[in-house]
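Novice: coordinates for the following, if possible.
(chains A, B and C)
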Amino acid sequence: MKQAKMNRTTRSNLITYLMVIAFFVIFQILIATGNVSSLLKGQLVPICAYVVMAISLNLVVGVSGELSLGHAGFMSAGAFSGIVAAGYLQTMMESETLVLLIAMIIGGIVAAAAGVIVGVPILRLSGDYLAIVTLAFGQIIKSIVENLYVGYDANGLQFSMVKNTLELGEGGKMLITGPMGANGMATISTFTMGFVLIMVCLFVIFNLVNSKSGRAIMALRDNKIAAQSVGISSSKYKLLAFVVSAAMAGMAGVLFALNFTTVVASKFDFNTSILILVFVVLGGLGNMRGSIIAAALLTVLPELLRSFADYRMLVYAIFLILMMLATNNPKLKGFLQSISAKIKGAVGKGGEANG
Amino acid sequence: MKKILSVCLILMLSIGLLAGCGGDETTNNNEGQAGGTENNAAAIKIGGTGPLTGGAAIYGLAAKQGAEIAVEEINALGGLQFELKYEDDANDAEKAANAYNVVKDWGMQISLGSVTSTPGTATASKNYEDRIFALTPSASSTSVTEGKDNVFQMCFTDPGQGAKSAQYIYEQNLGEKIAIIYKNDEVYSSGIYETFIAEAEKLGLNVVSTTTFTTDSQTDFSVQLGEAKNAGADLVFLPMYYEPASLILTQADSMGYAPKFFGVDGMDGILTLKGFDASLAEGVILLTSFSADAQDDMTVNFVTKYQDKYGETPNQFAAGAYDSIYALYNACTNAGVTADMTAEQINDLMIEQFTTMSFDGLTGTQITWSSDGTVSKDPKGMVIQDGVYVGM
Amino acid sequence: MLFLSYLISGISLGSIYAIIALGYTMVYGIAKMLNFAHGDVIMVGGYICFFACSYYGLHPLVGIVMAMVVCTVLGILIDRFAYKPLRQAPALAVLITAIGMSYFLQNSAQLLWGSGSRVFSSVIGKGSFSFFDGQLTINYLTVVTIVVCIVIMVGLVWFINQTKRGKAMRACSEDKGAAQLMGINVDNTISLTFAIGSALAAIAGVLLCSAYPLLNPTTGMMPGIKAFTAAVFGGIGSIPGALVGGLLLGIIEIFAKAYLSTQFSDAIVFAVLIIVLLVKPTGLLGKKINEKV
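Specialist: Alright, predicted model coming up:
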């Protein structure tokens, strides 16, 4: 019995991996044969970034059970440090993949550091109070980046806050110009790198969730007092989930930012945090596969709704409300469950007959 | 739970897909009708992106409507036919890239770029990569045209406006002590501010107070105005759009502070703001290239048509888009562009035309472009007297 | 003197935050949900009053009453169709629905009334009290806002503590199951809370637009988030807490702009919030709920 249960988790994880791989392969084939519209092609990298954002937030909201409304803040921290790293490295390195990789790692580290700074003090809060502090943190990051100026010249990187006092020497280039954000980056993100990032993050999350630490995190979510009474350190494990999640968000930020020639701080605002939370809730708390599907579909959905013209965002809002009502309707739930049970029963019988 | 979810998601997607397919045709039809084209195949497809929803929608909608009027007029002439398609970018670089791809998939041959600066930078680099010529009506940041040979602007660049404003204040000797309030998280506002302050230093203008606000805090200006008043500023420079400016004027009035206010082209529109007490804007000076009150035939014609069709007074975004379409029309006629040419062929002809031609429109006469894509036209200094613009 | 006038601006801004925060806190206290659509109900209230007064030339008081009626109905409808089916659902599902509702209201407003801004003409006449030879002026509007804010708070406290309905509300917020067993109609009580919260939103909308007279479909969003912050600041669920939180937030915001930096004022406000919550994890006046094992 125990083994069967183990297998179920492994199998479920495997299906998720396979789903992502299949998605990647299908799109590679479609691109190679020229069957993808430029719209969808242009959306592939953002989809990958949002998928990573969704699964990383799911680690905090679903697995660890803490509501975060500032996840885009980590994306922002990662994105802008990644832009600086990439901008600087491009003067020294040829290989775009290598530059992107290093930029992603740096973005991840910076975001993780931000995760520690935010995480250590605030994890003594819980519930809505934690939510509001993460929201506040997202606003603070936005405010800081909006006043940050970074550039480089022969003397190396230069920083300035509030006012652009940088006097760059010959051949110098501004990387981040305060409210104007970053401009004129080389777009080095690729769908393949996005795919690799999703796989790596999935691997890390699945292993974390199935490890001793993961069980401790979930025990804290389900009953904090009981978990603490058996010696599980609340702050240690919650922080672990928080920081891992922040690092992934940072890497997703780098992937996202380097897919466009321009990025501004206000892109990573409260609305983006909420958008990612919507992916997570719609996909199911703690359900990574659900998050992936929800993130991909909801990123494409507004584009599909373009034919509604001015009514587009209204239709999107109605979709959102109806989806939440439908997924939480006991009658509908029971109805669908009975159908799926019947299908399962039929398939099961068929399988037995065949065997 | 998972199953229900996936069923629902699949349902949702399929509905979306169906709607997407079904709707596309209707949109095309509508566009065709709006453009008034009798023969769709022979029309040159012009695409653009702009914020049609969200907080910046007013700018995108104005540009779209201005361009629509121009396209209608041109198509009524019977010669070269245009077909126009505007897609929503919600003032966001990511959505703009999507919107750009939508119009590209539609078969865009000439681009109107984007209406606002941040999306404009994103779409301009795509225009450059795809070799589709772009003339943006109002994306004024320098990063839009920088390093792209086929992206041109119909509006002034932000730095250009900042420097011109400083020179104007200096030449006309408008203020002894100058205070600046600008919007810290907006490309437009901070772009103008940066060159203004640099130029002001050069000219020896006395800037006594510099304060900022953001989208999140554009309600209360008591502190910014309080500081300006306290520093004894007799001229307040407001490089921003007219909406926050209207709040500043109202609040300055209620605290009894009456310096001269100096605005840039974003200030145009303040008199048409619904419900705004025009007496508050009395004496406001602004540098702008378009005024809806001008009495020349072209402006009167445009303003009347716009009001008839959309029930609003056009602002500089509408005028810029209207001019952009006409500039493209002139260039196309001169170069002998036909609808069966590829975007790349048109691109090369257009670059040649725009670097050599001169254009007269709503937003200026004898307008020329330099090869880096920036426009050269003179802003007019206007002062608001008794609720109308008067040239200075 | 400048200090005093900044303080007054802060109090004026803070009282508007406080009225909005009262709506948030009421709904949170009873329904245990963050009603993100609250800010957008404010916007609707502003528009209704705007049309009543500016287009139909009605008396401002009539406009306010109309805004209150429309918003109350709107609040009840929102609750009936979007929140009521989710009473048993996880809190996050309700949160997302509320966000969906917020998008819905914003986009409907844009379609109905256009995206352009309108300038709201104040419901309170122009004019001000002058002190110290005109060095310090206080607008009538500021005085009215502060008075309205205090009246509402006192009224709410009285309602919650003294009336039968109010007692039912408190019972629901303590323990829904037990309240139901005692014969309280929990669903109706929650709907009533939404109705009151939305009526307050209408008043807040009119006052907000009178003080900062620019009305567009996203007007309610930022004040909504700030007021939510204020409610948490004071201890969400606590009515006096909302007042204290709102006033403090307004004052901190103005002072941060005046004495520290206009660039970082938002960051400073939120940093103060974080520090306060670290010292008092349930807000200034929030109740500490003891955990049960």
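Novice: which bits of the stretch 251-392 of chain B sit near chain C?
Specialist: Those residues of the stretch 251-392 of chain B that sit near chain C, judged by C-beta under 8 Å from any C-beta of the partner chain, are B:Ser254, B:Met255, B:Gly256, B:Leu273, B:Lys274, B:Gly275, B:Phe276, B:Asp277, B:Glu312. Where C-beta positions appear, they are placed from N, C-alpha and C, glycine not excepted.
Novice: can you tell me which of those is nearest C:Ile152?
Specialist: B:Ser254 (24.0 Å; C-beta to C-beta).
Novice: contacts only, for the closest one.
Specialist: C:Lys126, C:Ser128, C:Asn139 (C-beta atoms under 8 Å, 6 or more residues apart in numbering or on different chains).
Novice: repeat that for C:Lys126.
Specialist: Here C:Lys126 is in contact with B:Ser254, C:Asn139, C:Tyr140 (C-beta under 8 Å, 6+ apart).
Novice: now do the same for it: helix, strand or coil?
Specialist: Three-state call for C:Lys126 (DSSP: H, G, I helix; E, B strand; the rest coil): coil.
Novice: ok so A:Met218 is a helix residue?
Specialist: Yes - assessed with three-state DSSP, A:Met218 lies in a helix.
Novice: ok, it - contacts?
Specialist: A:Val63, A:Ser64, A:Val209.
Novice: cool, and A:Val280?
Specialist: A:Ala54, A:Leu57, A:Asn58, A:Val61, A:Gly62, A:Ser291, A:Ala294.
Novice: could you rerun that using 7 Å?
Specialist: Each residue near A:Val280 by C-beta atoms under 7 Å, 6 or more residues apart in numbering or on different chains is listed here: A:Ala54, A:Leu57, A:Asn58, A:Val61, A:Gly62, A:Ser291.
Novice: before we move on, back to that, now, which of the residues of the stretch 251-392 of chain B next to chain C sits nearest B:Pro244?
Specialist: Nearest member of those to B:Pro244, counting by C-beta to C-beta, is B:Leu273, at 11.4 Å.
Novice: I figured the closest one hits C:Phe120, correct?
Specialist: No - checked against C-beta atoms under 7 Å, the pair B:Leu273 and C:Phe120 is beyond contact range at 11.0 Å.
Novice: picking that back up, which of the residues of the stretch 251-392 of chain B next to chain C sits closest to chain A?
Specialist: B:Glu312 (15.5 Å; C-beta to the nearest C-beta).
Novice: return the helix or strand in chain A with minimum mean pLDDT.
Specialist: Using mean pLDDT, DSSP states H and E, helix A:330-354 stands out as the lowest-scoring helix or strand of chain A, at a mean of 65.
Novice: helices along chain B, start to end?
Specialist: B:2-35, B:57-77, B:93-106, B:117-130, B:142-145, B:158-171, B:187-203, B:222-230, B:242-254, B:297-310, B:316-335, B:343-356 (DSSP state H).
Novice: and those as TSV, adding mean pLDDT?
Specialist: Listed next are the helices of chain B as TSV, based on pLDDT from 0 to 100:
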stretch	mean pLDDT
helix B:2-35	43
helix B:57-77	90
helix B:93-106	90
helix B:117-130	89
helix B:142-145	85
helix B:158-171	86
helix B:187-203	88
helix B:222-230	89
helix B:242-254	88
helix B:297-310	90
helix B:316-335	90
helix B:343-356	89
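Novice: for A:Gly107, find the nearest of those helices.
Specialist: helix B:93-106 (17.4 Å).
Novice: contacts for that closest one, please.
Specialist: Contacts for helix B:93-106 (C-beta under 7 Å, 6+ apart): A:37-39, A:42-43, A:46, A:260, A:262-263, A:267, A:303, A:306, B:45, B:47, B:49, B:85, B:87-89, B:114, B:118-119, B:122-123, B:126, B:130.
Novice: need the longest helix for chain A.
Specialist: Ranking each helix of chain A by length (DSSP H) puts helix A:2-32 first.
Novice: now do the buried residues in that one.
Specialist: A:Asn13, A:Thr16, A:Val20, A:Phe23, A:Phe24, A:Phe27 (16 or more other C-beta atoms under 10 Å in any protein chain shown).
Novice: just give me the closest of those residues to chain C.
Specialist: For the buried residues of helix A:2-32, the nearest to chain C is A:Thr16 (21.7 Å; C-beta to the nearest C-beta).
Novice: strands along chain A, start to end?
Specialist: Taking DSSP state E, the strands of chain A run over residues A:148-153, A:156-161, A:173-177, A:182-183, A:262-263.
Novice: list the helices and strands the fourth one packs on?
Specialist: Pointing back at strand A:182-183 there. Contacts defined by 3 or more C-beta pairs under 7 Å, 6 or more residues apart in numbering or on different chains; DSSP states H and E place strand A:182-183 against strand A:173-177, strand A:262-263.
Novice: please repeat the previous calculation with a cut-off of 6 Å.
Specialist: For strand A:182-183, there is no helix or strand it packs on, judged by 3 or more C-beta pairs under 6 Å, 6 or more residues apart in numbering or on different chains; DSSP states H and E.
Novice: do the same with the third one
Specialist: Identification of packing neighbours for strand A:173-177 by 3+ C-beta pairs under 6 Å, 6+ apart yields strand A:148-153.
Novice: from the chain's centre, how far out does the strand it packs on sit?
Specialist: How far strand A:148-153 lies from its chain's middle: 27 Å, per C-alpha atoms, centre = their mean, to the nearest Å.
Novice: tell me the strands beside that strand, with direction?
Specialist: strand A:156-161 (antiparallel), strand A:173-177 (antiparallel) (DSSP bridges).
Novice: now the spatially closest residue to C:Ile196 that is not a sequence neighbour: which helix or strand?
Specialist: Setting aside the residues directly before and after it, C:Ile196 is nearest to C:Met26 in space (C-beta to C-beta, 6 or more residues apart in numbering or on different chains), at 6.2 Å. For C:Met26, the host element (DSSP states H and E) is helix C:2-31.
Novice: tell me which parts of the stretch 101-250 of chain B are close to chain C?
Specialist: B:Asn184, B:Thr211, B:Thr212, B:Asp216, B:Ser217, B:Thr219, B:Asp220, B:Ser222, B:Val223, B:Glu243, B:Leu247, B:Thr250 (C-beta under 6 Å from any C-beta of the partner chain).
Novice: likewise the stretch 101-250 of chain A?
Specialist: A:Pro121, A:Leu125, A:Tyr129, A:Ile132, A:Val133, A:Ala136, A:Gln139, A:Ile140, A:Ser143, A:Asn147, A:Val162, A:Ile225.
Novice: which among those residues end up buried?
Specialist: Judged by 16+ other C-beta under 10 Å, buried ones among these: A:Leu125, A:Tyr129, A:Ile132, A:Val133, A:Ala136, A:Gln139, A:Ile140, A:Ser143, A:Asn147.
Novice: looking at those, spot the one nearest A:Ile217.
Specialist: Using C-beta to C-beta as the measure, the one of those that approaches A:Ile217 most closely is A:Leu125, at 17.0 Å.
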